[in-house]
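J.: Provide a 3D model corresponding to the input given below.
(one chain, ligands or ions: 1)
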Amino acid sequence: ERQEVRPYNRQRLLVVANRLPVSAVRRGEDSWSLEISAGGLVSALLGVKEFEARWIGWAGVNVPDEVGQKALTKALAEKRCIPVFLDEEIVHQYSNGYCNNILWPLFHYLGLPQEDRLATTRSFQSQFAAYKKANQMFADVVSEHYEEGDVVWCHDYHLMFLPKCLKEYNSKMKVGWFLHTPFPSSEIHRTLPSRSELLRSVLAADLVGFHTYDYARHFVSACTRILGLEGTPEGVEDQGRLTRVAAFPIGIDSERFIRALEVPDVIQNMKELKERFAGRKVMLGVDRLDMIKGIPQKILAFEKFLEENASWRDKVVLLQIAVPTRTDVPEYQKLTSQVHEIVGRINGRFGTLTAVPIHHLDRSLDFYALCALYAVTDVALVTSLRDGMNLVSYEFVACQEAKKGVLILSEFAGAAQSLGAGAILVNPWNITEVAASIGQALNMSPEERKKRHRHNFHHVKTHTAQEWAETFVSELNDTVIEAQLRISK
Ligand code: ADQ
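T.: Okay, here's the model as predicted:
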């Protein structure tokens with residue numbers, strides 16, 4: 001066993017999230033290959049270098065046998081990752097069921113189809129039981145690895161029950177919880193049968209963080225209205241114990257994107273893309289293929305723009321890169337076919353023998369390919385119906401120093417609050433408005449583009465992922481010290 005020497009000034013940070021930042025593929029009885037997986041949280045925490053961070057989470061595979069578990073644990077240790085092993089039934093009920101089928105749509109203000117709603121209502125109790133059981137399994141692994149002085153940072157809606165489990169294990173543990181999605185209006189949260197239990201377990205944390213003040217305010221209102229607790233400017237108070245609640249808007253590792261544009265392969269790729277789309281303006285969408293991203297709405301708005309602006313038809317192209325996620329869920333399969341159908345119809349309608357207006361790719365791109373695309377884009381289209389923050393808008397801005405392209409951004413993305421002044425804000429449900437904003441963006445004067453870009457670029461460069469994590473952790477440390485002082489008074 002390799003002995004690790006820990007620099008005395010670096011605090012240990014245990015990052016607990018549903019998924020580890022790597023995906024594991026089994027190559028043999030005791031051999032595994034690991035790949036870094038895409039996603040907002042991964043992108044953000046890759047930028048954090050200040051702490052000695054360790055990840056605790058599920059590796060995304062079912063490993064029923066002990067030999068496999070041992071080998072995977074060993075392989076993951078090299079990446080500073082610690083696995084939580086969940087069996088298929090738990091994953092089905094906890095992750096696919098309670099997390100993705102109940103909390104995810106609810107937190108994004110999306111309803112379920114009637115038949116799913118009834119089925120969900122029936123299976124609710126068993127799914128919530130699985131959710132609590134899974135959270136307890138995460139807590140067991142955390143407590144096994146916890147050392148005094150560590151900071152434990154729990155992430156997202158999958159782990160709302162975790163702060164309570166951790167504090168039951170050790171009331172002195174420093175526990176923070178951060179939500180990457182919106183927290184909805186208390187009127188929405190109220191409909192959850194497990195509404196109180198979830199709020200109470202989150203409140204067991206010392207610090208609770210959200211991307212925006214609105215989400216934080218919704219959470220505090222839920223606690224006051226549903227639990228009858230007192231909301232203060234600092235957070236939520238329960239019999240003298242304060243849970244600090246605040247906004248910590250996430251960012252990206254902007255330098256990583258800026259540097260990527262100097263890599264020879266990226267420069268070559270940009271050159272090829274420019275040649276490929278010469279004479280046409282490039283519009284870009286990059287999203288996980290998810291209901292919340294408003295992909296059909298975006299494409300319909302683009303169709304409306306082409307319909308109303310015949311002169312632009314052979315002068316603009318929309319590249320929509322959509323990584324499939326949750327492909328085993330029927331709702332997501334339906335969304336994929338719906339998007340394909342709309343794209344096919346529009347390309348049939350406005351395409352020529354040599355060119356089509358929409359290129360739709362159902363896949364993930366590697367980091368460098370993505371940077372090249374961002375850099376050659378004239379207009380980025382982010383039309384999320386709801387989005388905690390939306391990092392794609394940040395990444396686009398980071399890659400636009402040369403071009404100063406335009407960002408069209410949904411007012412329902414958290415990013416609207418930080419990049420709103422530089423972007424064109426739209427209501428993604430209003431296709432006429434989005435179509436008009438496409439025209440505005442394509443015709444915008446270079447001076448105005450420059451002015452808008454300057455605002456956004458400054459924000460993206462100064463509000464980084466690293467700063468986000470450092471602020472959260474130092475606030476968590478301070479909160480715990482203040483609480484101790486209050487008790488000793
Ligand atoms: P996501 O819903 O995953 O994150 P987002 O913030 O846009 O949304 O992050 C997506 C990440 O995946 C980006 O880093 C992007 O580059 C990458 N990505 C997306 N499509 C890709 C593709 N086709 N190929 C390669 N990479 C791709 C959740 C919340 C967000 C919140 C983040 C962080 O839903 O609202 O901003 O967490 O908190």
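
J.: Get me the contact residues on the stretch 151-300 of the chain for the ligand.
T.: 180-181, 250, 286-288 (C-beta under 6 Å from any ligand atom). Glycine gets a C-beta too; all of them are placed from N, C-alpha and C.

J.: Which of the residues you listed ranks first by neighbour count?
T.: Ile250 (29 neighbours; other C-beta atoms under 10 Å).

J.: pretty sure it belongs to a helix, no?
T.: No. If the criterion is DSSP: H, G, I helix; E, B strand; the rest coil, then Ile250 is coil and not within a helix.

J.: Assess the claim that it and Gln466 are in contact.
T.: No. In this structure Ile250 lies outside contact range of Gln466 using C-beta atoms under 8 Å: 10.7 Å.

J.: tell me the SS of Ile408?
T.: strand.

J.: any weak-confidence spans in the stretch 201-350 of the chain?
T.: Scanning the stretch 201-350 of the chain with the threshold set as pLDDT under 70 gives no residue ranges.

J.: Just the helices from it, written as ranges.
T.: Remark: helices assigned in the stretch 201-350 of the chain by DSSP state H, counting those that start in this stretch are 213-227, 254-260, 264-276, 295-308, 330-350.

J.: So which bits of the helix or strand hosting Gly68 are buried?
T.: Assessed by DSSP states H and E, Gly68 sits inside helix 66-77. Neighbour-count burial for helix 66-77, counted by 16 or more other C-beta atoms under 10 Å, picks out 68, 71-73, 75-76.

J.: so what's Ala421 closest to, chain neighbours aside?
T.: Leaving aside its sequence neighbours, Ala421 sits nearest to His455 (C-beta to C-beta, 6 or more residues apart in numbering; 5.1 Å).

J.: Which strand or helix spans the one you found?
T.: Per DSSP H and E: helix 446-462 holds His455.

J.: Please name every helix or strand in contact with that helix.
T.: With contacts taken as 3 or more C-beta pairs under 8 Å, 6 or more residues apart in numbering; DSSP states H and E, helix 446-462 sits against helix 391-398, strand 406-410, helix 416-419.

J.: So which of the ones you listed is nearest Ala53?
T.: Distance to Ala53, taken as C-beta to C-beta, is lowest for helix 391-398 among the helices and strands packed on helix 446-462, at 18.8 Å.

J.: near the ligand, anything from the closest one?
T.: Yes. Using C-beta under 6 Å from any ligand atom, helix 391-398 reaches the ligand at 391-392, 395.

J.: now swap in stretch 99-119 and tell me
T.: No. Figure legend: stretch 99-119 not in contact with the ligand (C-beta under 6 Å from any ligand atom); closest approach 8.4 Å.

J.: Pull up the distance across that stretch, start to finish.
T.: When the termini of stretch 99-119 are compared using C-alpha to C-alpha, to the nearest Å, they are 15 Å apart.

J.: ok, the residue nearest to Ala421 touching Ala423?
T.: No. Counting by C-beta under 8 Å, Ala423 is not a contact partner of His455; they are 9.1 Å apart.

J.: Any buried residues in the biggest helix by length in the chain, and which?
T.: Secondary structure of the chain per DSSP state H: the longest helix is helix 114-145. Neighbour-count burial for helix 114-145, with 16+ other C-beta under 10 Å as criterion, is recorded at 120, 123-124, 127-128, 130-132, 134-135, 137-139, 141-142.
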